[in-house]
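A.B. asks: Here's a sequence, model it:
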Amino acid sequence: MIGATLLFILAGIGEIGGGYLIWLWLREGKPFYWGVLGGIALALYGVVATFQTFPTFGRVYAAYRGVFIVLSILWGWGIDGEKPDTLDWVGAGICLIGVMVILLPRS
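C.D. replies: Purely as a prediction, here's the structure:
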């Protein structure tokens, strides 16, 4: 489970970081190459997700979305300075519970 968690985190950093670089390029006037780097990061995010060992695409991406939500809250706090409130943390916790349920072994 540690390997899966690390892959989810790496994929999340690629997706959020890539999207953020494109945001900065288009919304805040950063140079074009920021957008190119963002596109590369987004492509790498797609590749990293394929390294998961879970058997189905749908479950991997459903579980990843929950991790993505938590990482997005942390990104907003660490990079944008938007401190999460209690409801942010409750929602993030609910998402992580959903991730654990989705990834439960099946017979």
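
A.B. asks: any idea how far Arg59 is from Arg65?
C.D. replies: 11 Å (Cβ to Cβ, to the nearest Å). Using the backbone N, CA and C atoms, a C-beta is placed for each residue, glycine as well.

A.B. asks: And the helices in this structure?
C.D. replies: 2-28, 32-49, 57-78, 86-102 (DSSP state H).

A.B. asks: Any chance of the ones you listed in TSV with mean neighbour count as columns?
C.D. replies: Supplementary listing: those in TSV, determined by neighbours: other Cβ atoms under 10 Å:
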stretch	mean neighbour count
helix 2-28	17
helix 32-49	16
helix 57-78	17
helix 86-102	14
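
A.B. asks: Alpha carbons only: can I get the worst-scoring helix or strand of the chain on mean pLDDT in PDB?
C.D. replies: Sorting the helices and strands of the chain by mean pLDDT, DSSP states H and E puts helix 57-78 at the bottom, at a mean of 92. Listed in PDB are the C-alpha atoms of helix 57-78, where the atom choice follows Å, rounded to 0.1, in the frame of the first residue of the first chain:
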ATOM      1  CA  PHE A  57      -8.400   1.600 -14.700                       C
ATOM      2  CA  GLY A  58     -11.600   2.800 -13.200                       C
ATOM      3  CA  ARG A  59     -10.700   1.900  -9.600                       C
ATOM      4  CA  VAL A  60      -7.200   3.400  -9.900                       C
ATOM      5  CA  TYR A  61      -8.600   6.700 -11.100                       C
ATOM      6  CA  ALA A  62     -11.500   6.700  -8.700                       C
ATOM      7  CA  ALA A  63      -9.100   6.200  -5.800                       C
ATOM      8  CA  TYR A  64      -6.600   8.700  -7.200                       C
ATOM      9  CA  ARG A  65      -9.300  11.400  -7.300                       C
ATOM     10  CA  GLY A  66      -9.700  11.200  -3.600                       C
ATOM     11  CA  VAL A  67      -6.000  11.600  -3.000                       C
ATOM     12  CA  PHE A  68      -6.000  14.400  -5.600                       C
ATOM     13  CA  ILE A  69      -8.600  16.300  -3.500                       C
ATOM     14  CA  VAL A  70      -6.400  16.100  -0.400                       C
ATOM     15  CA  LEU A  71      -3.300  17.100  -2.300                       C
ATOM     16  CA  SER A  72      -5.200  20.100  -3.900                       C
ATOM     17  CA  ILE A  73      -6.100  21.300  -0.400                       C
ATOM     18  CA  LEU A  74      -2.400  20.900   0.700                       C
ATOM     19  CA  TRP A  75      -1.200  22.700  -2.500                       C
ATOM     20  CA  GLY A  76      -3.500  25.600  -1.900                       C
ATOM     21  CA  TRP A  77      -2.300  25.900   1.600                       C
ATOM     22  CA  GLY A  78       1.400  25.500   0.900                       C
END
